[in-house]
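Enquirer: Below: sequence and its predicted model.
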Amino acid sequence: MTYQYDVLYLGSGHGTFDGAIPLASKGVKVGVIEEGLIGGTCPNRGCNAKITLDAPVAVQRQLAALNPVLTGQTQLHWDASLAHKNAVIDGLPAMIGGLLKSVGVDVINGRGRLADAHTIAVGETTYTTDKIVLATGLHPHRLAIPGQELLHDSTDFLALPEMPKHLVVIGGGYIALEFATIANAAGSNVTVVLHGDQALRSFHQPFVEQVLRELTAQGVTLLRNTSVEAATATATGVQLTTNTGTVLDADWVLDATGRLPNTANLGLEDLGVAYTANGITVNDHLQTSVPNIYASGDVIDKTQPRLTPTAIFESTYLMHLFADETTAPIDYPAIPTTTFTSPRLAQVGVTVAEAQAHPDQYTVETHHIPDDWYRQVGQETGGDNALIFDRDHRLVGATEVSDQAPDVINTLLPAIVFHYGPAELERLVYLFPTIGASAWGQL
Ligand SMILES: Cc1cc2nc3c(=O)[nH]c(=O)nc-3n(C[C@H](O)[C@H](O)[C@H](O)COP(=O)(O)OP(=O)(O)OC[C@H]3O[C@@H](n4cnc5c(N)ncnc54)[C@H](O)[C@@H]3O)c2cc1C
Ligand SMILES: NC(=O)c1ccc[n+]([C@@H]2O[C@H](COP(=O)([O-])OP(=O)(O)OC[C@H]3O[C@@H](n4cnc5c(N)ncnc54)[C@H](O)[C@@H]3O)[C@@H](O)[C@H]2O)c1
């Protein structure tokens, strides 16, 4: 049986294009079906957009830390920041689309649906293929409350023409705390509503509390153990009622209560492709319950963090699998994760909680960031880290809260992934004085 394509991807995000481009350049016939912007969430309404809006926030914070060496007020102009963000990201779909087309990938615009195990329909047109990769990503969860249509999601925030005077953020995850940080720096009066006691539950809680204390010190109101029960329109915005009796008046409300897999209306049930509420079920070769159909990226039901680097790793693995360069199961390395809050949180590998639960296997060494002379250069006054070592004193995990935490964790990553011992560490001649030198100097 001959098909039009060897591999047809549904969705064009990092779960697709990082693997599809090199795959096509090896002579494999590849097609990509996309109903929205080429490149998916991360470039257009996720990482790249967010980090551009965060850039002035981070600079402002660095300047403030250097007082009285540097003095004077800076003002974050939201309209200019938004224009800058648009200038930085607007060209990305064309750039990614161009890269795909340059190696012969057919980019098909429209919504795809499985017609059978070897056919995807886009409207009236059908495309046949040997293998299919489902890489359809996530969509925002909406609070099931009366007035939910008055709430907004992260994509709306990233395009806000004006920064609201009073913004309420519901949720305590990545999006909630990163966007609360940006809105606060842009002059909004921000309230963050947590339905439980904790935020960012997958991070080391004492470090999360440092982030929350700093947000509060910057003027953000934090309401814990508070569930929003209804939203009603008012003359100036939205009123939220809660289980505690607190009533919140806002100009604008961000519902940041999580994201759910895009599994609906793909034809999965008709074909018997298994999935759960957490996403599409795959085996250790990212193969679904239908053998020639695979899944990649955020839509997979998995324990690994749903992040761009994870999606890149999965699409790259599938590229090697489809190019007959491997038959091995996917072997995830330690995957780091970070929040672009002020200060940042970042972590990788064995967690402090895991280490404390197994004292026979691990030791934890902690450092207070301002004790490091290099951090004194920028007058960093807060922050801590915890390094986790195995019984051979090899680094197996690290977590940090500080303004430079992502760079520290990125620097230490090879030691964890490649199990560096004293011999390898001695061979590392790193640039000095840098944050990398500061990170390595702790080992
Ligand atoms: C606000 C925000 C900030 C983020 N920040 C970070 C960050 O700083 N760092 C980080 O690592 N990660 C971040 N992420 C997560 C990151 O964006 C995702 O992990 C990544 O985009 C996953 O890629 P993917 O290809 O699996 O899915 P997506 O990028 O979501 O791509 C899926 C694509 O499939 C398309 N699609 C869906 N159904 C169909 C269909 N039936 N037919 C055709 N096309 C379809 C969609 O239109 C979409 O383009 C952020 C996410 C958000 C929302
Ligand atoms: N820095 C980054 O890497 C980054 C940034 C943004 C987003 N992301 C990714 O995007 C995805 C989504 O992020 P997110 O922040 O939407 O999800 P999340 O899972 O991090 O946070 C969801 C939050 O909503 C809360 N919540 C859930 N149900 C609720 C309810 N009924 N009422 C009130 N609160 C409720 C949860 O307790 C949690 O605090 C994640 O996969 C994340 O990895 C990553």
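Expert: Nice, I can see it. Ligands and ions are numbered 1, 2, ... in the order given.

Enquirer: in this structure, what spans have low per-residue confidence?
Expert: Residues of the chain meeting the criterion pLDDT under 70: none.

Enquirer: what about the nearest residue to residue 296 once chain neighbours are set aside, is that helix, strand or coil?
Expert: Leaving aside its sequence neighbours, residue 296 sits nearest to residue 15 (CB to CB, 6 or more residues apart in numbering; 4.0 Å). Where C-beta positions appear, they are placed from N, C-alpha and C, glycine not excepted. What DSSP: H, G, I helix; E, B strand; the rest coil gives for residue 15 is helix.

Enquirer: what's the answer for residue 266, then?
Expert: Of the three states, residue 266 takes coil under three-state DSSP.

Enquirer: Would you check that it makes contact with residue 11?
Expert: No. With contact defined as CB atoms under 8 Å, residue 266 does not reach residue 11; the gap is 10.2 Å.

Enquirer: Which one's more surrounded, the two?
Expert: residue 11 (27 against 21; other CB atoms under 10 Å).

Enquirer: Do I have it right that the more buried one meets residue 132?
Expert: No. When contacts are counted by CB under 8 Å, residue 11 is not listed as touching residue 132 (11.1 Å).

Enquirer: re the thing from before, could I get the contacting residues of the residue nearest to residue 296?
Expert: By CB atoms under 8 Å, 6 or more residues apart in numbering, the contact list for residue 15 reads 40, 133, 135, 137, 296, 297, 298, 299, 311, 314, 315.

Enquirer: For this structure, what lies in contact range of ligand 2?
Expert: Residues of the chain lying close to ligand 2 by CB under 6 Å from any ligand atom are 143, 170-176, 178, 195-196, 199, 227, 256-259, 305-307, 338-340.

Enquirer: Tell me the buried residues within those residues.
Expert: Among these, those classed as buried by 16 or more other CB atoms under 10 Å are 143, 170-176, 178, 195, 199, 256-257, 259, 305-307, 338-340.

Enquirer: ok, and which of these reach ligand 1?
Expert: 175, 306, 307.

Enquirer: What distance do you get for the residue nearest to residue 287 when sequence neighbours are not counted to residue 274?
Expert: Leaving aside its sequence neighbours, residue 287 sits nearest to residue 294 (CB to CB, 6+ apart; 5.5 Å). Applying CB to CB, to the nearest Å, the value for residue 294 to residue 274 is 13 Å.

Enquirer: Name all residues that make contact with the residue most central in space within the chain.
Expert: Per CA atoms, centre = their mean, the C-alpha nearest to the average position across the chain is that of residue 307, at 4.3 Å. For residue 307, the contact set (CB under 8 Å, 6+ apart) comprises 335, 337.

Enquirer: quick one: residue 243 and residue 195, what's the gap?
Expert: 9 Å.

Enquirer: Correction: the previous question concerned residue 213.
Expert: 20 Å.

Enquirer: thinking again about what came up before, intersection of neighbour lists for residue 243 and residue 195?
Expert: Joint contacts of residue 243 and residue 195 (CB under 8 Å, 6+ apart) are 226, 227.

Enquirer: Run through the helices of the stretch 201-350 of the chain in chain order.
Expert: 205-217, 268-271, 308-322 (DSSP state H, counting those that start in this stretch).

Enquirer: Can you lay out those helices as TSV showing mean neighbour count and distance to residue 148?
Expert: As requested, the helices of the stretch 201-350 of the chain are exported to TSV (neighbours: other CB atoms under 10 Å; distance: least, CB to CB, whole Å):
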stretch	mean neighbour count	distance to residue 148
helix 205-217	17	26
helix 268-271	15	26
helix 308-322	22	28
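
Enquirer: quick revisit: shared neighbours of residue 266 and residue 11, which are they?
Expert: Common neighbours of residue 266 and residue 11 (CB under 8 Å, 6+ apart) are 134, 136.

Enquirer: Do a quick rundown of the strands in the stretch 251-400 of the chain.
Expert: For the stretch 251-400 of the chain, the strands defined by DSSP state E, counting those that start in this stretch occupy 252-255, 259-261, 275-276, 279-280, 293-295, 337-339, 344-349, 363-368, 384-389, 395-402.

Enquirer: a markdown table for these, including distance to residue 30?
Expert: Formatted as a markdown table, the strands of the stretch 251-400 of the chain follow (distance: least, CB to CB, whole Å):
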| stretch | distance to residue 30 |
| --- | --- |
| strand 252-255 | 36 |
| strand 259-261 | 23 |
| strand 275-276 | 24 |
| strand 279-280 | 20 |
| strand 293-295 | 13 |
| strand 337-339 | 30 |
| strand 344-349 | 32 |
| strand 363-368 | 46 |
| strand 384-389 | 41 |
| strand 395-402 | 38 |
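
Enquirer: Which strand in this protein has the most residues?
Expert: Under DSSP state E, the strand in the chain containing the largest number of residues is strand 125-134.

Enquirer: mind listing what's buried in that strand?
Expert: Within strand 125-134, the residues that qualify as buried by neighbour count (16+ other CB under 10 Å) are 127, 129, 130, 131, 132, 133, 134.

Enquirer: Pull out the buried residues from stretch 158-167.
Expert: Quick answer for stretch 158-167 (16+ other CB under 10 Å): 158, 160, 163, 164, 166, 167.

Enquirer: if we can go back for a sec, can you give me the distance of the residue nearest to the centre of the chain to residue 102?
Expert: 27 Å.

Enquirer: can you pull the contacts of residue 270?
Expert: Here residue 270 is in contact with residue 114 (CB under 8 Å, 6+ apart).

Enquirer: ok, how many other residues are close to the closest residue to residue 237 other than its chain neighbours?
Expert: Excluding the flanking residues, the one nearest residue 237 by CB to CB, 6+ apart is residue 251, at 4.2 Å. Residue 251 has 17 neighbouring residues, counting by other CB under 10 Å.

Enquirer: Any idea how many residues pack against residue 421?
Expert: Neighbours of residue 421 using other CB under 10 Å come to 13.

Enquirer: Contact partners for it?
Expert: With CB under 8 Å, 6+ apart, residue 421 has these contacts: 392, 394.

Enquirer: gap between it and ligand 1?
Expert: From residue 421 across to ligand 1, the span is 30 Å (CB to the nearest ligand atom, to the nearest Å).

Enquirer: And residue 119, by the same measure?
Expert: Between residue 119 and ligand 1 the distance is 14 Å, computed by CB to the nearest ligand atom.

Enquirer: quick revisit: distance of the residue nearest to the centre of the chain from residue 14?
Expert: For residue 307, the distance to residue 14 - CB to CB - is 9 Å.

Enquirer: How far does stretch 227-245 sit from its chain's centre?
Expert: 29 Å (CA atoms, centre = their mean, to the nearest Å).
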